[in-house]
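Have a look at this fold, sequence not included:
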């Protein structure tokens with residue numbers, strides 16, 4: 001069977017279909033910029049005194065932020081950093097399960113299910129009657145947030161192709177996150193009450209509901225499940241939007257079935273088992289460690305930036321783009337530096353016997 005990008009090459013890379021998918025997926029990532037940093041405003045600890053007699057403090061002042069509402073100061077001041085830790089524990093747990101769920105149930109359903117979970121749990125935090133209730137909801141909020149980001153990243157990387165795929169994976173997702181990150185301080189400036197802030201960050205996300213009918217399922221995932229007709233329907237829809245003609249048969253059913261039957265089970269350990277991708281995986285794993293070490297010891301030069309450069313850019317420089325599937329990982333050759341030329345061994349010279 002031909003490679004997927006060769007089969008859908010007639011669609012062009014940047015038609016109306018690709019532009020809509022690119023833009024809508026970037027927009028779907030904006031709430032992640034809200035959720036990742038809203039605790040900066042929700043758990044801010046105000047200036048206070050621990051042991052003073054009753055003062056004439058207004059109820060409006062007391063309920064403006066979470067530490068005031070639940071008295072999380074003085075002896076309970078450890079709660080503020082612990083709240084942030086609980087959120088990122090949810091992010092960590094979600095990162096383990098989001099890929100597995102999207103592999104089983106599809107990219108599109110998981111994208112919208114996690115987006116709905118993020119909206120619901122963010123809104124439910126408004127009705128928290130205690131800090132414990134707030135933290136439990138916050139954990140599930142973090143779980144849904146990272147799952148939504150991963151699902152959007154994978155869906156765009158599988159629907160888009162070639163240079164547009166690289167542009168979306170590297171810049172598009174980060175741009176959507178940055179928009180949410182920049183809008184958060186503006187909203188928090190005008191809404192000083194933490195409950196109003198959570199409502200403003202959750203309810204507007206209901207506008208994402210119509211995206212269900214605009215965003216497609218990943219044709220690559222559909223093919224991996226043997227659902228050839230549904231994958232062809234997505235491609236034909238893209239062809240109509242791009243105003244190009246489609247061939248009579250896009251995907252050969254027999255080839256897809258044979259490929260699916262021959263498919264070997266794969267897992268996370270393949271990232272370490274395959275020598276051609278092992279070094280890149282290790283660099284990406286140690287990237288957060290380098291960043292943490294830099295912040296801890298205040299080094300003037302970021303080793304994390306070097307690690308990211310080596311992992312993401314060096315391979316492209318050597319004209320070996322990062323693999324899209326595990327099958328491509330198995331076929332991948334070791335990266336060779338172009339500045340080091342391997343000298344060919346000279347052939348031995350065989351002297352013929354002289355007649356003399």
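Right, received. Where do you want to start? From a predicted model like this one, the values you see are computed outputs, not experimental measurements.

Can you list the helices and strands that the longest helix belonging to the chain packs against?
Among the segments of the chain that qualify as a helix by DSSP state H, the longest is helix 131-159. Helices and strands touching helix 131-159, by 3 or more C-beta pairs under 8 Å, 6 or more residues apart in numbering; DSSP states H and E, are helix 16-28, helix 30-37, helix 79-105, helix 107-124, helix 173-190, helix 219-224. Any C-beta I mention is one placed from the backbone N, CA and C, and that applies to glycine too.

can those helices go into a markdown table with extra columns for distance to residue 232?
As requested, those are arranged in a markdown table below (distance: least, C-beta to C-beta, whole Å):
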| stretch | distance to residue 232 |
| --- | --- |
| helix 16-28 | 14 |
| helix 30-37 | 32 |
| helix 79-105 | 21 |
| helix 107-124 | 17 |
| helix 173-190 | 28 |
| helix 219-224 | 8 |
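
Mind putting the ones you listed into CSV with mean neighbour count?
Supplementary listing: the helices and strands packed on helix 131-159 in CSV, determined by neighbours: other C-beta atoms under 10 Å:
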stretch, mean neighbour count
helix 16-28, 18
helix 30-37, 22
helix 79-105, 16
helix 107-124, 21
helix 173-190, 15
helix 219-224, 21
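
Could you pull up the residues touching residue 98?
Under the criterion of C-beta atoms under 8 Å, 6 or more residues apart in numbering, the contact list for residue 98 reads 110, 114, 146, 147, 150, 151.

now the fourth one: how far from residue 140?
In this structure, residue 147 and residue 140 are separated by 11 Å, where distance is defined by C-beta to C-beta, to the nearest Å.

more neighbours, these two?
Comparing residue 147 with residue 140 by other C-beta atoms under 10 Å, the one with more neighbours is residue 147, at 28 against 19.

ok, the more buried one - contacts?
94, 95, 97, 98, 101, 110, 114, 117.

what sits against the third one?
The reference is to residue 97. Listed by C-beta under 8 Å, 6+ apart, the contact set of residue 97 reads residue 147.

thinking again about what came up before, in the contacts of residue 147, find the pair that's most separated.
95 and 117 (14.7 Å; C-beta to C-beta).

on that earlier part again, in a markdown table: the contacts of residue 147, plus distance to residue 222 and pLDDT.
As requested, these are exported to a markdown table (distance: C-beta to C-beta, whole Å; pLDDT from 0 to 100):
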| residue | distance to residue 222 | pLDDT |
| --- | --- | --- |
| 94 | 24 | 86 |
| 95 | 24 | 82 |
| 97 | 22 | 83 |
| 98 | 19 | 83 |
| 101 | 16 | 87 |
| 110 | 14 | 92 |
| 114 | 20 | 90 |
| 117 | 24 | 90 |
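
Distance to residue 5 added to those, as CSV?
As requested, the contacts of residue 147 are exported to CSV (distance: C-beta to C-beta, whole Å):
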residue, distance to residue 5
94, 30
95, 28
97, 29
98, 25
101, 26
110, 24
114, 28
117, 33
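
just those now: which is nearest residue 233?
With C-beta to C-beta as the yardstick, the closest approach to residue 233 among those comes from residue 110, at 20.0 Å.

Double-check the closest one against residue 101; I have them as touching.
Yes. Taking contact to mean C-beta atoms under 8 Å, the distance of 5.1 Å between residue 110 and residue 101 places them in contact.

just to revisit the earlier point, looking at the helices and strands packed on helix 131-159, which is closest to residue 7?
Per C-beta to C-beta, nearest to residue 7 of the helices and strands packed on helix 131-159: helix 219-224, 9.4 Å.
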